[in-house]
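*Asks:* Fold the following, please.
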Amino acid sequence: MSHELRTPLNAIKGFSRLLQQTDLNEEQHKFSDIIENSSNNLLHLVNDILDISKIESGEMTVDQKEFDLKRMLQTLESMFMNTVKEKQLKFTWQIAADVPQYLHGDPDRLYQILINLVSNAFKFTQKGFVFIDVSKSLEDDKKVELEFRVQDTGIGIPESKLELIFERFQQIGNGQENFQKGTGLGLAIVKNLAELLGGSVNVISEAGKGSIFKVVLPFTKHLITETAIVEFEEAQTGLITFNNTAVLVAEDNPVNQLLITKLLNQYAIRPEIKENGMEVLEALKTQHFDLLLLDIQMPLLDGYKTCMAIRENGNVIPVVAMTAYVMDAEKEKCKAAGMNDYLAKPIDEDELKKILQKYLGEFIQPSQKRDEINTNSFLLQLAGGDMQMAGKILEQVKLEIPVEILKLKKIISQNNIEALPAVCHNLISSISPLGNDSLVMKKIMALQKMVSDNGTESEILNSTAGLIAELERNYNDLTTFKQQ
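*Replies:* Below you'll find the predicted structure:
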């Protein structure tokens, strides 16, 4: 059931997102938005059903890692932006000043809890607001306990249903027909996830007066350094490219072939596509590949048998499974067959990026650091020997670079190559204090020439992505001016 549902969803979600990046008129944009929103809703329903199944079977696990709480709430806010506009509601959040921004816990489960609570709040609120408040309830040397309050001004919950509200298939509506009904699984999932994380959930509500859901969860404090923060944020943002990589993709579905190709192209990767395990084994006999993305369900020779044959031949190529089956037992089966990792369908772009960084890290375009002595000398000369003035110039450069990076990312997302010359012109002015010999300046010049020489769209967009990566590296290197 999981595979049959997720395979078409993978195509619908992926191609609707790619379609939105093409040149569409207003009506077409509206239709593509509807397609994407509908597929997201369907995927949410599928995930709810699968999550309940995993929880009941004891297969739901906790994945502890560092995460940025503020960034999570910003992402959550953007996710509900369209709902806020459509229903003309207010959606705000706040984090108390004494709550750490960086925590160690399971961000995926926390995000899932918040999405379910906020979705319910919007579903049953027709006027007023939805508000998230995060505060600290307990703290010691190693741990901190946080309370997440999701408050709304919706229809509220009848007293007769308060004791049943966290049970499966219970509707929280008050009988009004004009309110959308759901599966009745969301709050049951919230309760189970909160308990899985060592926390609890309760609700305060009255019919006609809104609701307040309180989730209390423990987290480990994360003593993160400034350097680690920069590295964390670099990993979360920006486009990167992988040079000279050979990626083999095994996928028999033509629609999925096109989708994974498009996704990989964004990272300057040109994959070789094979339709079954036999073709994969033949390709590996004569060619070297740095990574294999392997679909599990294929004709002639499935993913498990293909990987076992690869390992029997002594080939140590990293193999990442691509499958719609999402149970932990499936992951163990993939591991037993010799696979290194797992990528769930529908393919999430962020998860794909993590996989590429993990197994193709050595091919990421090297930072090729600027000659700091030459750069600082050039700056000092430009400032007439005044170190304070040189520092001010550098600060101005730091202010302008992020603005131009956003413009370049917009050009890529909209395939708007016509806007490149103007942005490149502004960039040259902005970074001229770094010197004409800096790598980023050379990349801008090369991109300008490519555009003027009528290079192909893919070449220009790939070069633009490379320029963005170099600009982001330069920005993070520009700390304070140092006299050599």
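
*Asks:* Look up phi and psi at the closest residue to N202 other than its chain neighbours.
*Replies:* In space, and not counting its chain neighbours, N202 is closest to K214: 5.5 Å by Cβ to Cβ, 6 or more residues apart in numbering. Backbone N, C-alpha and C define where each C-beta goes, glycine included. The phi/psi pair for K214 (degrees, to the nearest 10) reads phi -120, psi 120.

*Asks:* so K214 bridges to which residues?
*Replies:* When assigned by DSSP bridges, K214 has beta-bridge partners R149, N202.

*Asks:* and after the lowest-mean-pLDDT helix or strand in the chain, which helix or strand comes next?
*Replies:* Ranked by mean pLDDT, DSSP states H and E, the weakest helix or strand in the chain is helix 226-236, scoring a mean of 42. As assigned by DSSP states H and E, the chain's next helix or strand after helix 226-236 is strand 247-250.

*Asks:* Which elements pack onto that next one?
*Replies:* Judged by 3 or more Cβ pairs under 8 Å, 6 or more residues apart in numbering; DSSP states H and E, strand 247-250 is in contact with helix 254-265, strand 272-274, helix 277-286, strand 291-295.

*Asks:* quick revisit: how near is the residue nearest to N202 to N47?
*Replies:* 24 Å (Cβ to Cβ, to the nearest Å).

*Asks:* Please name the residues that touch the residue nearest to N202.
*Replies:* 147-149, 201-204 (Cβ atoms under 8 Å, 6 or more residues apart in numbering).

*Asks:* Please report phi then psi for L103.
*Replies:* phi -130, psi 160.

*Asks:* my guess is it meets L217, correct?
*Replies:* No: counting by Cβ atoms under 8 Å, L103 stays clear of L217, with 9.7 Å between them.

*Asks:* Okay, now the unreliable bits of this structure?
*Replies:* 1-6, 168-185, 222-240, 243, 255, 324-327, 362-393, 429, 432-438, 474-484 (pLDDT under 70).

*Asks:* Can you tell me the SS state at the most centrally placed residue in the chain?
*Replies:* What sits nearest the mean C-alpha location of the chain, by Cα atoms, centre = their mean, is D350, with 3.7 Å. Three-state call for D350 (DSSP: H, G, I helix; E, B strand; the rest coil): helix.

*Asks:* Go through the helix or strand harbouring P218 and flag the buried ones.
*Replies:* Assigned by DSSP H and E, P218 belongs to strand 211-221. Within strand 211-221, the residues scored as buried using 16 or more other Cβ atoms under 10 Å are 211, 213-217, 219.

*Asks:* Now do L300: how many residues are near it, please.
*Replies:* Per other Cβ atoms under 10 Å, the neighbour tally for L300 reads 12.

*Asks:* what do you get for L162?
*Replies:* Around L162 there are 16 residues (other Cβ under 10 Å).

*Asks:* check contacts around it.
*Replies:* By Cβ under 8 Å, 6+ apart, the neighbours of L162 are 203, 205.

*Asks:* Distance check, it against F213.
*Replies:* As judged by Cβ to Cβ, L162 and F213 stand 12 Å apart.

*Asks:* shared neighbours of the two, anything?
*Replies:* Joint contacts of L162 and F213 (Cβ under 8 Å, 6+ apart) are V203.

*Asks:* residue boundaries of the strands in this structure?
*Replies:* 65-68, 90-95, 102-105, 129-139, 143-152, 200-205, 211-221, 247-250, 272-274, 291-295, 319-323, 341-344 (DSSP state E).

*Asks:* on that earlier part again, how close does the residue nearest to the centre of the chain get to L471?
*Replies:* As judged by Cβ to Cβ, D350 and L471 stand 21 Å apart.

*Asks:* can I assume Q126 is in contact with G154?
*Replies:* Yes: using Cβ under 8 Å, Q126 is in contact with G154, at 7.2 Å.

*Asks:* Looking at those two now, which is surrounded by more residues?
*Replies:* Neighbours per residue, other Cβ under 10 Å: of Q126 and G154, the larger number sits with G154, 27 against 15.

*Asks:* ok, now which ones touch the spatially closest residue to the more buried one that is not a sequence neighbour?
*Replies:* Nearest residue to G154, sequence neighbours excluded (Cβ to Cβ, 6+ apart): T125, at 3.6 Å. Contacts for T125 (Cβ under 8 Å, 6+ apart) come out as 87, 89, 152-155, 210.

*Asks:* OK, contacts around S16?
*Replies:* Counted by Cβ under 8 Å, 6+ apart, S16 has contacts 32, 35-36, 39.

*Asks:* er, H104 actually
*Replies:* Neighbours of H104 in contact, by Cβ under 8 Å, 6+ apart: 64-67, 219-222.

*Asks:* What of T245?
*Replies:* 269, 290-291, 360, 363.

*Asks:* Out of these, who's the most crowded?
*Replies:* L291 (26 neighbours).

*Asks:* Which parts of this protein belong to which domain?
*Replies:* The chain is divided into the following domains under automatic domain parsing: 64-234, 240-363, 372-477.

*Asks:* Of all the ones you listed, which one comes closest to S53?
*Replies:* domain 240-363 (8.2 Å; Cβ to Cβ).

*Asks:* Can you tell me the closest non-neighbouring residue to I204?
*Replies:* I204 sits nearest to I212 (Cβ to Cβ, 6+ apart), 4.6 Å away.

*Asks:* I'd assumed G154 was in contact with the one you found.
*Replies:* No: applying Cβ under 8 Å, one finds I212 not in contact with G154, separated by 10.9 Å.

*Asks:* burial count for the closest residue to H29 other than its chain neighbours?
*Replies:* In this structure, H29 finds its nearest non-sequential neighbour in Q20, 6.9 Å apart by Cβ to Cβ, 6+ apart. The local packing of Q20 (other Cβ under 10 Å) involves 16 other residues.

*Asks:* same check, this time on the one 10 residues further on
*Replies:* When counting by other Cβ under 10 Å, one arrives at 11 neighbours for K30.

*Asks:* just Q396 next, same as before
*Replies:* Residues within reach of Q396, counting by other Cβ under 10 Å, total 12.

*Asks:* so how far is E472 from it?
*Replies:* Taking Cβ to Cβ, one finds Q396 at 18 Å from E472.

*Asks:* and what of L138?
*Replies:* Taken as Cβ to Cβ, the span from L138 to E472 is 38 Å.

*Asks:* same question, K209
*Replies:* 48 Å.

*Asks:* Which one of those two is surrounded by more residues?
*Replies:* E472 (21 against 12).
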